[in-house]
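In: Give me coordinates for this.
(one chain, ligands or ions: 1)
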Amino acid sequence: MKYSQILYKKVNEIWKQTHQHPFVVGMGNGDLPVESFIRYMKQDYVFLIDYSKLFALGTIKARDLETMAAFAKLLHETLHGEMELHRQYAARFGITNQQLEDTRPTPMNLAYTRYMLNVAQNGSLEELISALLPCMWSYWEIGKMLAENYPNSIEHPLYGEWIKMYSSDEFGSLAGWLIDLLDNLAEEKSERELQMLEEHFLTTSRFEYMFWDMVYQGGDWPV
Ligand SMILES: Cc1ncc(CO)c(N)n1
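Out: Just a heads-up that it's a prediction; the model follows:
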């Protein structure tokens, strides 16, 4: 069994809970309050600023030109693709790009990005990928689940664009490349090293659930 399939089985329960979270289900059936989505868009924008740095670090840690170029492409896609979706959404609500950028990350958002950046800056390329992969893979799974379970969801005037992006073959091919890369790199790893990669994969899978819950519940700093 491929290492990624082993990891997928280990996070199955966590990802299933994410698929059943009211924020995610609300995007599918259209019941998600707009205020929750605006909070998500703002928090996710500042998340993506730090998240994109992982791809830059991946280019630095890459051991061959092809992998360097792929991480550079992921950096570009994040800064100009995913973040542009948020900027377009924000404009519909009269929120400027500067206002998006000035969003103060919640404690949970900060904990998530700092965990990933710490792994990416101090760990191996394999550790960076194992921390990063649940972000892309779980979003692809959520996008596909919503498009399949709620056929009209991609036509929703607000949430449709989000579902289209994350269920797309283009986003899936980027996630698939990262999955294959981890599988290739895992072949040469010791049991102890694989245990460390698994811990990162589980931790950021849990952070993904917590991020949906934070934007749904509105958790923030006391003052
Ligand atoms: C919190 C979070 N995780 C993953 C992704 C996928 O890019 C995202 N945009 N935001």
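
In: Quickly note the distance from residue 171 to the ligand.
Out: For residue 171, the distance to the ligand equals 8 Å [CB to the nearest ligand atom, to the nearest Å]. Every residue, glycine included, has its C-beta placed from N, CA and C.

In: same check, this time on residue 186
Out: The gap separating residue 186 from the ligand is 22 Å, by CB to the nearest ligand atom.

In: so what's the nearest residue to that residue once chain neighbours are set aside scoring on pLDDT?
Out: Of all residues not flanking residue 186 in the chain, residue 3 sits nearest, at 3.8 Å (CB to CB, 6 or more residues apart in numbering). Among the per-residue scores, residue 3 shows a pLDDT of 97.

In: What residues does the chain have near the ligand?
Out: Where proximity means CB under 6 Å from any ligand atom, the interface of the chain facing the ligand comprises 44, 47-48, 82, 135-136, 139, 208, 211.

In: got a list of what the residue most central in space within the chain touches?
Out: Compute the mean C-alpha point of the chain, and by CA atoms, centre = their mean the closest residue is residue 135, 2.8 Å away. Contact analysis of residue 135 by CB atoms under 8 Å, 6 or more residues apart in numbering lists 51, 204, 208.

In: For the residue in the chain positioned nearest to the ligand, pull up the helix or strand it's in.
Out: At 3.6 Å from the ligand, residue 135 is the closest residue in the chain, using CB to the nearest ligand atom. The secondary structure element spanning residue 135 is helix 125-149 (assigned by DSSP states H and E).

In: Next, the angle helix 125-149 makes with the helix or strand following that helix.
Out: Tracing the chain C-terminally past helix 125-149 and defining elements by DSSP H and E, one meets helix 160-167 next. Between helix 160-167 and helix 125-149, the angle comes out at 130 degrees (axes from the mean of the first three to the mean of the last three CA atoms, to 10 degrees).
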